[in-house]
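Asker: After the sequence you'll find the predicted model.
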Amino acid sequence: MTTVLHKPVLHKPVLHKPVPKKPVPKIRFNIGLDRFSGLYLWAAFIVIFGFWTPALFMSMSTVHLIASTQAVSGILALAVLIPMICGQYDLSVGANANLTGMVAVVLQVERHWPLLPTLLVSVVIGVLVGVVNGFIVVRFRVNSFIATLGMGSVLTAFMLLVTNSQQEPVPLSAGWNNLTQYPVFGFQVIIYYLLALALIAWWVVEFTPAGRYLRAAGGNPEAARLSGVRVNRLSWWSLIAGGAISGVGGVLYTSLTGPSLTFGPDLLLPAFAAVFLGSTQLQPGRFNVWGTMLAIFVLATGIEGLQLVSGAAWIGDMFNGVALVLAVALAASRRGKPTAIRRRAIKTAVAQSEAQDAAVEAKTSA
Amino acid sequence: MPPALEIRGLSKTFGVKTVLDSFELTVQPGEIHVLLGQNGSGKSTLIKILSGYHDPDPGGLVRVGGGELHFGSPASSRALGCRFVHQDLGLVETSSVLDNLLIGPGFPTSAGTIRRRSARKLARDALAAVGLDIDPAKPVAALGSAERTGVAIARAMFRPAAGHLSGQESRGETKPAALILDEPTAALPVNEVERLLANLRATAATGVGILYVTHHLDEVTGFADRVSVLRNGVLIDTWRVPELDRDRLIHQLIGAELEQVQRIETPRADTRAQPPVVSASDLWAGPVEGLTLDAWAGEVTGICGLTGSGRESILGALFGARPRAGEVRIAGKPLKPHRTDLAILAGVAYLPSDRRASGAVMDLTARENLTLVNLKPFWRHLLLRKKLEKAEVARWFEKFDVRPKDGISDPLNTFSGGNQQKLLFAKWLREIPKVLLLDEPTQGVDVGAKAELHRQIVAAARLGAAVIVSSTDLDELVTLCSRVLVIRNGQIFEEITGGNLTTSTLNRSFHLEPAGAGNNGDHSAS
């Protein structure tokens, strides 16, 4: 028998005796150390680095820099997040983004395509990657971890084929640069794309039946299926969404920072770190959109600050790696544990029902 | 001879609340003593004190085989000869029975190598001592659930004779005096329970005192010598088993009368005039072979049969939870196999037998589980309205008396088994199903919650649902059903209705040897 948190339901005789009043619980200020730990950490980073290197760190340019460099990381984190909620790993998001980003460059530089068709084709490639991922996972019943790991490698090969392994020149069109770098309220416009995508993801995950089904399928696929959720189709869709979002992220990356043959894999780990760290924030125990966003910026602020202070190049990799492992360990240790607030509520509920039982006992023995 | 287990004035308080209040109990050598109590009555606290996990309040006394127990010391508990079989058996499923038995005490070795033959003999003897005859080389995963519990008992009772094991292992431990089992049948289907009880009787016959903790009333008669009832931490009394009938026992156990469930007695003429709501013909699914079945609105149809007869596959096949061949019609319209969403749209509800594996999403909240099947009422202007959802869930909490009342947004795994099952009932009844398929609807649920669920089943049928209940609990079928279909070899063997519907006729029907088939007596329950 496990520890019983609640009393079993019995049909107790109606009480006439007043139930002894429960002691008024002491009002405690709940600072939500667990749910909001990321926010506190963020504040701590800002204070520490603010005092350490006020000239470098406490400037609007640092804020702008973090916002735009992390926008793509944030978008890729969303691409990881959606399939993850459905219980599917998508490890191909980085390679996918790299491919679509480079395709966009090649189409413009070598084929002289105009901007709009270029964007369209690039994003469609991202979607197609998602379709194929879904096909492999759903139809061939290959574990998504393996399927997308392999797919990532295949996509990297495609990217090298498309570019001939040559570093492409930057497309010279104002539209291409303005796509991400156009200033809006002082920030480069790309951060607003992230915001828009996050809002859409938030809406889908938290406020639509589809989001509920995603969570159910991720939590227990068989139970979800027996509740009428079409788990296979949903998994497929989640991987397509992941592919589409990575496609968008890839194009935005090359528009923002220029062509590169290796940026994809570098974005994968921070994305996973953010998603897992995010699942310990705001809605602990659940993969969630704003937790993920918070994690992206907390990590970025920490890395940026340390780099400004030390100038060391290894800090980013170290920070992200430690964060990923730590986040998963944290998530595992708190799985199934009720939050502090709930624990207290359960305790009072148990005490209350004990008191009731005692009253019944006194009555029946009398 | 001193009692196997003697408990005097044992109390335990956590903070201000007393969970065990001057508890007294003796178990004589060779006696089977059942301790009955609802969830939360203090049973597990008692076991934890005996096993040395909890320290009781000062003043209590426990003697095992005459020796006084040092509280809070698992070593003392073991040294005195106290042995435990917990609900979670703790067997390594992929390992053999032999490895499971000897991994604790150690293997007989010479020069570091396991002496296979003597290890086998040790294991065989240990199994035989508790009345089990299974091959020690078998992996635990290949055993039935009763046999697994048997292996756990054998492991608990295992005492290598001095010198049998080499080196430091041959401590020559004391003979086990008391065996304490914590709800060993909670996960067992009813027909397996009988086997386990037989094993326990064999064990008791060797002179061990057995304390058997459970909330299943039906295991008392014909098995136990004495029974004690624990309610809210207080020992109500101890009786010799023949002195006590079932109704009195229930009264003692829950401290109130249990309202009787009134089954719908005969097939209803009004609905029988209509075509059947569920109509399956030539159904094939695993052990189900060409079964034909009809069920009408307003009735509760029972399905029973031994494990392996196909009984456990029928409902899942009808719903589309498992692969099937053959035709299933709901209100005349054929149902696509494998499309649970279409089955639900057609008005079918299916409660699987395994709550954890396929019944519920344990990490989601009670609310999310309850509304998963149908979110339409809360979907307004492109948003799921949580306020509407919470209000509706609160109504179901009220209706089923789910505790804790304010737990609407708590993960389902924080609820007790009975409350989880109530929530899953609510999840389906919310749909006002035309067809309600219930697989083991009250397994692992205590008496109070069980009665509540039974009332809901009958109420759903009265409201016009065609209910089909598949259960290993014959009492449950007799309580609920207007007719019971007995399944054998994947087909309906017999239909039992009306006055004939009693546990004894059911038992007779499914244990009766079919003519010509000389079965090897696989089901010793008859």
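Answerer: Ah, there it is. Numbering: from 1, shown residues only, chains lettered A, B, ... in the order given.

Asker: Tell me where the model's unsure across the chain.
Answerer: Using chain A here. A:1-33, A:334-366 (pLDDT under 70).

Asker: if you could check chain B rather than the one you did, that'd help
Answerer: In chain B, residues with pLDDT under 70: B:39-40, B:160-173, B:186-187, B:189-191, B:256-259, B:266-268, B:511-526.

Asker: how about the residues of the stretch 101-250 of chain B near chain A?
Answerer: Counting by C-beta under 8 Å from any C-beta of the partner chain, the stretch 101-250 of chain B comes close to chain A at B:182-183, B:232, B:234. Glycine gets a C-beta too; all of them are placed from N, C-alpha and C.

Asker: Export those residues as JSON lines, with columns for secondary structure, neighbour count and distance to B:Asn369.
Answerer: Listed next are those as JSON lines, based on DSSP: H, G, I helix; E, B strand; the rest coil; neighbours: other C-beta atoms under 10 Å in any protein chain shown; distance: C-beta to C-beta, whole Å:
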{"residue": "B:Asp182", "secondary structure": "strand", "neighbour count": "22", "distance to B:Asn369": "28"}
{"residue": "B:Glu183", "secondary structure": "coil", "neighbour count": "21", "distance to B:Asn369": "25"}
{"residue": "B:Asn232", "secondary structure": "coil", "neighbour count": "21", "distance to B:Asn369": "30"}
{"residue": "B:Val234", "secondary structure": "strand", "neighbour count": "17", "distance to B:Asn369": "35"}
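
Asker: Which one of the residues you listed is nearest to A:Met151?
Answerer: Ranked by distance to A:Met151 (C-beta to C-beta), these are led by B:Glu183 at 47.9 Å.

Asker: OK, contacts around the closest one?
Answerer: Going by C-beta atoms under 8 Å, 6 or more residues apart in numbering or on different chains, B:Glu183 touches A:1, B:87, B:213-215.

Asker: Between which two of the residues you listed is the distance greatest?
Answerer: Using C-beta to C-beta, the two most remote members of these are B:Gln87 and B:His215, lying 11.5 Å apart.

Asker: Have a look at the two and say which one is more surrounded.
Answerer: B:His215 (25 against 19; other C-beta atoms under 10 Å in any protein chain shown).

Asker: so what's the backbone phi/psi at the more buried one?
Answerer: Taking degrees, to the nearest 10, you get phi -120, psi 10 for the backbone angles of B:His215.

Asker: re the thing from before, with secondary structure and distance to B:Gln274 as added columns, please give the contacts of B:Glu183 in CSV.
Answerer: Below are the contacts of B:Glu183 laid out as CSV (DSSP: H, G, I helix; E, B strand; the rest coil; distance: C-beta to C-beta, whole Å):
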residue, secondary structure, distance to B:Gln274
A:Met1, coil, 47
B:Gln87, coil, 46
B:Val213, strand, 49
B:Thr214, strand, 44
B:His215, coil, 41
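
Asker: any chance of these in TSV, with distance to A:Ala174 too?
Answerer: Putting the contacts of B:Glu183 into TSV (distance: C-beta to C-beta, whole Å) gives the following:
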residue	distance to A:Ala174
A:Met1	71
B:Gln87	71
B:Val213	79
B:Thr214	79
B:His215	76
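
Asker: Tell me the one among the residues you listed nearest to A:Ser235.
Answerer: For the contacts of B:Glu183, the nearest to A:Ser235 is B:Gln87 (34.7 Å; C-beta to C-beta).

Asker: wait, isn't the closest one in contact with B:Ile180?
Answerer: No: using C-beta atoms under 8 Å, B:Gln87 makes no contact with B:Ile180, being 11.8 Å away.

Asker: give me the number of residues near the nearest residue to A:Gly126 once chain neighbours are set aside?
Answerer: In space, and not counting its chain neighbours, A:Gly126 is closest to A:Gly247: 1.8 Å by C-beta to C-beta, 6 or more residues apart in numbering or on different chains. Look at A:Gly247: counted by other C-beta under 10 Å, it has 31 neighbours.

Asker: gap between A:Gly247 and chain B?
Answerer: 25 Å (C-beta to the nearest C-beta, to the nearest Å).

Asker: where do the strands sit along the stretch 51-200 of chain A?
Answerer: Counting by DSSP state E, counting those that start in this stretch, residue ranges of the strands within the stretch 51-200 of chain A are A:183-184, A:187-188.

Asker: Quick one, which of the ones you listed gets closest to chain B.
Answerer: For those, distance to chain B was read as C-beta to the nearest C-beta. The smallest value, 26.5 Å, belongs to strand A:183-184.

Asker: quick one: the closest one to chain centroid distance?
Answerer: Relative to the centre of its chain, strand A:183-184 is centred 26 Å away, using C-alpha atoms, centre = their mean, to the nearest Å.

Asker: Counting by contacts, list what that strand packs against.
Answerer: Of the remaining helices and strands, none touches strand A:183-184 by 3 or more C-beta pairs under 8 Å, 6 or more residues apart in numbering or on different chains; DSSP states H and E.

Asker: neighbouring contacts of that strand?
Answerer: Applying C-beta under 8 Å, 6+ apart, the contact partners of strand A:183-184 are A:189, A:192.

Asker: Neighbouring strands of that strand in the sheet, and parallel or not?
Answerer: Counting by DSSP bridges, the strands paired with strand A:183-184 are strand A:187-188 (antiparallel).

Asker: Stretch A:288-299 close to chain B?
Answerer: No: using C-beta under 8 Å from any C-beta, stretch A:288-299 stays clear of chain B, coming no nearer than 13.3 Å.

Asker: wait, doesn't A:Ile48 sit right on A:Gly305?
Answerer: Yes: using C-beta under 8 Å, A:Ile48 is in contact with A:Gly305, at 7.1 Å.

Asker: The two: which is more packed in?
Answerer: A:Gly305 (22 against 15).

Asker: My guess is that one contacts A:Ala44. True?
Answerer: No: the pair A:Gly305 and A:Ala44 does not pass the contact test of C-beta under 8 Å, sitting 10.3 Å apart.

Asker: need the contact list for B:Asp126.
Answerer: Quick fix: residue B:126 reads Ala, not Asp. B:101, B:154-155, B:157-158.

Asker: Max pairwise distance over these: which two?
Answerer: Counting by C-beta to C-beta, the most remote pair of the contacts of B:Ala126 is B:Leu101 and B:Met157, 10.1 Å apart.

Asker: Neighbour count: those two, which is higher?
Answerer: Neighbours were counted for B:Leu101 and for B:Met157 using other C-beta under 10 Å; B:Leu101 has more, 24 against 18.

Asker: Check for me that the more buried one belongs to a helix.
Answerer: Yes: B:Leu101: assigned to a helix according to DSSP: H, G, I helix; E, B strand; the rest coil.

Asker: for the stretch 201-350 of chain B, what spans make up the strands?
Answerer: Going by DSSP E, counting those that start in this stretch, the stretch 201-350 of chain B shows strands at B:209-214, B:226-231, B:234-240, B:278-285, B:288-295, B:300-304, B:325-330, B:333-334, B:348-351.

Asker: Kindly reformat those as CSV and extend each row with distance to A:Tyr192.
Answerer: Shown next, in CSV, are the strands of the stretch 201-350 of chain B (distance: least, C-beta to C-beta, whole Å):
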stretch, distance to A:Tyr192
strand B:209-214, 63
strand B:226-231, 64
strand B:234-240, 66
strand B:278-285, 54
strand B:288-295, 59
strand B:300-304, 60
strand B:325-330, 51
strand B:333-334, 51
strand B:348-351, 46
